[in-house]
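S.K.: would you be able to build a 3D model of this:
(one chain, ligands or ions: 1)
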Amino acid sequence: MIHPLPTPVQYLGEDGSVRPGVTLPGTPDDWYALWHTMLLVREYDRKLVTLLRQGRTTFYAQAAGMEATQVGIGRALRPGHDWVWGYYRDQGIALTMGARLQDLAAQMLGSNSDPNRGRQMPHHYGSAQINFVSASSSIANQVPPATGTALAQKMLGTDEVTVCTFGDGATSEGDWHAGLNMAGVQQVPCVFVCENNQWAISTPLSRQTASDGIVAKAAGYGMPGVQVDGNDVLAVWAVVQEAVDRARRGGGPTLVEALTYRMGAHSNADADAEKTYRSREEVQHWQARDPLVRFERFLERQGHSISAAQRSEAVASLHRQIDEAIQEAENSGQPDWRSMFEDVYADMPVHLRRQYQQLRLEQEAGQS
Ligand SMILES: Cc1ncc(C[n+]2csc(CCOP(=O)(O)OP(=O)(O)O)c2C)c(N)n1
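M.R.: Below is the predicted model:
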């Protein structure tokens, strides 16, 4: 089945033309930065898939095809001020908000330089610096705490905003409904963004909901809903920015549905998406709507075209940066076994102290 072309808020046509009546957000410098970050997300994906195939890490979920959605969301936020409760596929949001490649790579490898020191499975990044809460594998369980964070922001009278993201599959979970319901009742400063990439592993959107899009559910929870073309970075930025600004002014939550597509597999646990549950025709249909290509067409039309030489130079430079970050993470080694017991309790409980002693004796016996 081929999903219909999106009809929601759209700033750019497929050919990069600007839709009539649209006021473009940003300046040419901003547009160049958006392009560069989308390219970074795309090339990071390529490198990470290679890393997996080399057996140097064990889990990764690609964002290829979803760059415009993620970069548009990240661009609308104040890094280190606003809060993000995202999900495991949100590397594009993290990178847009200033996540360091070294930290992402260290988390992927569970190495000594990982801020979480290998306590999470790979690709579950979190950062205190950018208020990016460590992602969970369980789908939708970030939604109630996101509402809680936003409620605290409201009660404390801050002007911070929370953004909570999830896939279309997450909207079938009880947590999702509980979180949105409370957000509507309490009118919290939270922007919920569904990164609707059409599939929840092998379950298509048509088996996920009977409503007319995820956006239709907004009315049920007493908040505005906006559907946006998720492959149009300027439209996503503008729509999320408007929702964020309203939340900051005390105007309550919004549900945004970004229509996009994941071009690759769900994760490395699902290596053959094309042969097993998606038709080649469908994938090709969406490949022709590549968000990076569309944005490059837009830049060209605006007189800021990126030459083939500039593009390959940028790709080569990004590959160098990513390789260096991975190398640095690998060079930092494995976390010391003692780190399992550190920085969790101020005063270690007795059962952990016993385990610590036992492990110490085993380590010493192993070394002698
Ligand atoms: C509570 C729960 N149920 C089932 C799963 C298994 N699972 C992992 S990812 C996934 C699909 C998620 O799809 P979606 O929310 O659309 O996000 P996407 O990965 O497509 O971006 C499922 C069912 C899980 N992780 N957690």
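
S.K.: can you tell me the closest non-neighbouring residue to Met223?
M.R.: Spatial nearest neighbour of Met223, excluding adjacent residues (CB to CB, 6 or more residues apart in numbering): Pro253 at 4.6 Å. (Glycine included, C-beta is placed from N, CA and C.)

S.K.: and if you look at Tyr261?
M.R.: Trp286 (3.9 Å).

S.K.: rewinding a little: list the contacts of the residue nearest to Met223.
M.R.: Ala150, Leu180, Ala183, Gly184, Gln187, Val188, Pro189, Cys190, Val191, Phe192, Met223, Ala247 (CB atoms under 8 Å, 6 or more residues apart in numbering).

S.K.: and the pLDDT at it?
M.R.: On the pLDDT scale, Pro253 is placed at 98.

S.K.: next one: Ala210
M.R.: Predicted confidence (pLDDT) at Ala210: the value is 95.

S.K.: quick check, it in a helix?
M.R.: No. Ala210: not assigned to a helix; according to DSSP: H, G, I helix; E, B strand; the rest coil it is coil.

S.K.: filter the contacts of Pro253 down to the ones near the ligand?
M.R.: Counting by CB under 6 Å from any ligand atom, nothing from the contacts of Pro253 sits close to the ligand.

S.K.: tabulate these in a markdown table, adding columns for neighbour count and pLDDT.
M.R.: As requested, these are exported to a markdown table (neighbours: other CB atoms under 10 Å; pLDDT from 0 to 100):
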| residue | neighbour count | pLDDT |
| --- | --- | --- |
| Ala150 | 30 | 98 |
| Leu180 | 26 | 98 |
| Ala183 | 30 | 98 |
| Gly184 | 20 | 98 |
| Gln187 | 17 | 98 |
| Val188 | 25 | 98 |
| Pro189 | 30 | 99 |
| Cys190 | 34 | 99 |
| Val191 | 31 | 99 |
| Phe192 | 31 | 99 |
| Met223 | 22 | 98 |
| Ala247 | 26 | 98 |
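
S.K.: just the ones of those in helices?
M.R.: Counted as lying in helices by DSSP state H, out of the contacts of Pro253, are Ala150, Leu180, Ala183, Gly184, Ala247.

S.K.: what sits against the residue nearest the centre of the chain?
M.R.: Centroid-nearest residue in the chain: Asp90, 1.3 Å away (criterion: CA atoms, centre = their mean). By CB under 8 Å, 6+ apart, the contact set of Asp90 is Ala63, Gln70, Val84, Ala135, Thr165.

S.K.: can you give me the strands for this structure?
M.R.: In the chain, the strands defined using DSSP state E lie at 83-85, 162-167, 190-196, 199-200, 203-204, 225-229, 254-259.

S.K.: which strands or helices does the longest one pack on?
M.R.: In this case it means strand 190-196. Packing partners of strand 190-196 (3 or more CB pairs under 8 Å, 6 or more residues apart in numbering; DSSP states H and E): helix 67-75, helix 143-155, strand 162-167, helix 174-186, helix 233-248, strand 254-259.

S.K.: of those, which stretch is the most buried?
M.R.: Most buried of the helices and strands packed on strand 190-196, by mean neighbour count (mean count of other CB atoms under 10 Å): helix 67-75, with a mean of 30.

S.K.: and the closest residue to the ligand within the chain, bridged to which residues?
M.R.: In the chain, the residue that lies nearest the ligand is Gly167 (2.1 Å; CB to the nearest ligand atom). Applying DSSP bridges to Gly167 gives these bridge partners: Glu195.
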